[in-house]
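Chemist: Please work out how this folds:
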Amino acid sequence: MTYCVAMNLSEGLVFVSDSRTNAGVDHIATFRKLYIFGVPGERLIVLQAAGNLATSQSVISLLRQRLKGKGPHLCSVDSLFEAAQLVGKTMREVVSRDAEPTMSAGVDLTCSFLLGGQIGEEPPALFNLYPQGNFIAATPDTPYFQIGESKYGKPILDRALTYQTPLDHALRCALISFDSTIRSNLSVALPLDVLVYRSGSLEVPKGYRVQEGDPYFEEIRDYWGGGLRRLLGELSSPPDGYWN
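Modeler: Here you go, the predicted model:
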């Protein structure tokens, strides 16, 4: 399984993805699910993938291969909206190609993507691309998207995240969301791939990989868990009527 989170906030963008894939309890592997396309000073486009790994890798491979061609590609489109259209079209192309009965054999070939970034002077944008290739955009009212195993990490995002949340607070929120998911679902695990982008910089960050034993991640997950236990103890006791 997979868990990916992306946020489009007033200060910029935050992306975090796990790297675990599994096809049963005896076939677990690590694959990167966060991909970076960019030209420093001109554009940054980040993709996060969930779903069928073969399909998502084929989509990414085609997108990279076509960077060298004459047709539209992620480093030539004029807007993030056009980039989302291009990725959606490529998703449909791959699924259509591999959907022959001898290839699919009843296997779910679909995948989904989060796409975010900035091109030129347009404001940063974030899109959630569905398996059919259509998509929706994040807004100040709904500034984040999740794909994959989202339910365990959603409550903290809903409670703590707004469009005005500073980037450093948003990153903490995302990491706690992943800690909650990792604790409740064995199909999501470290390493985590992290990328933070400041609006208007048009830089192409290298990103950061959170490995097992990462000091900062261990610090905040311990502090968060201890804080929850402490706060639980500080809540008032239920009134007598609750016990009847």
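Chemist: in the protein, what secondary structure element scores lowest on mean pLDDT?
Modeler: Ranking every helix and strand in the chain by mean pLDDT, DSSP states H and E puts helix 101-104 at the bottom, with a mean of 64.
Chemist: and after that one, which helix or strand comes next?
Modeler: Where DSSP states H and E defines the elements, the next helix or strand beyond helix 101-104 is strand 111-119.
Chemist: Give me the sheet partners of that next one and which way each runs.
Modeler: Applying DSSP bridges, strand 111-119 is found paired with strand 43-51 (antiparallel), strand 125-129 (antiparallel).
Chemist: Output the last one as PDB - backbone C-alpha positions only.
Modeler: Taking C-alpha atoms only, strand 125-129 is exported to PDB below (Å, rounded to 0.1, in the frame of the first residue of the first chain):
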ATOM      1  CA  ALA A 125      -1.000  24.700  -7.700                       C
ATOM      2  CA  LEU A 126      -1.800  21.200  -6.600                       C
ATOM      3  CA  PHE A 127      -4.000  18.600  -8.300                       C
ATOM      4  CA  ASN A 128      -5.400  15.200  -7.400                       C
ATOM      5  CA  LEU A 129      -5.500  13.000 -10.400                       C
END
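Chemist: For it, could you pull out the residues that count as buried?
Modeler: Within strand 125-129, the residues scored as buried using 16 or more other CB atoms under 10 Å are Ala125, Leu126, Phe127, Asn128, Leu129. C-beta: built from backbone N, CA, C; applies to glycine.
Chemist: I figured the third one hits Ile136, correct?
Modeler: Pointing back at Phe127 there. Yes: under the criterion of CB atoms under 8 Å, Phe127 makes contact with Ile136 at 6.9 Å.
Chemist: Leu67: what's its closest spatial neighbour, skipping adjacent residues?
Modeler: Nearest residue to Leu67, sequence neighbours excluded (CB to CB, 6 or more residues apart in numbering): His73, at 5.0 Å.
Chemist: Which pLDDT value belongs to that neighbour?
Modeler: Model confidence at His73, given as pLDDT, is 98.
Chemist: ditto for Ile28
Modeler: Model confidence at Ile28 (pLDDT) stands at 81.
Chemist: Next: Tyr197.
Modeler: Tyr197 carries a pLDDT value of 98.
Chemist: where's it relative to Leu74, distance?
Modeler: Tyr197 sits 16 Å away from Leu74, going by CB to CB, to the nearest Å.
Chemist: before we move on, what about Glu234?
Modeler: 50 Å.
Chemist: So which of the two has more stuff around it?
Modeler: Leu74 (24 against 7; other CB atoms under 10 Å).
Chemist: Name the SS class of the more buried one, please.
Modeler: Using DSSP: H, G, I helix; E, B strand; the rest coil, the secondary structure recorded for Leu74 is coil.
Chemist: quick one: contacts for the closest residue to it other than its chain neighbours?
Modeler: Closest residue to Leu74 apart from its sequence neighbours, by CB to CB, 6+ apart: Phe37 at 4.5 Å. Applying CB atoms under 8 Å, 6 or more residues apart in numbering to Phe37 gives the contacts Arg43, Leu44, Ile45, Val46, Leu47, Leu63, Arg64, Leu67, Leu74, Cys75.
Chemist: what secondary structure does Gly88 sit in?
Modeler: Look at Gly88: counting by three-state DSSP, its state is helix.
Chemist: pretty sure it contacts Ile136?
Modeler: No: counting by CB under 8 Å, Gly88 does not reach Ile136; the two are 11.5 Å apart.
Chemist: shared neighbours, these two?
Modeler: Contacts common to Gly88 and Ile136, judged by CB under 8 Å, 6+ apart, are absent.
Chemist: Between those two, which has more neighbouring residues?
Modeler: Counted by other CB under 10 Å, Gly88 and Ile136 do not tie: Gly88 has more neighbours, with 21 against 13.
Chemist: ok, for the more buried one, nearest residue in space, not its chain neighbours?
Modeler: Closest residue to Gly88 apart from its sequence neighbours, by CB to CB, 6+ apart: Gly133 at 3.3 Å.
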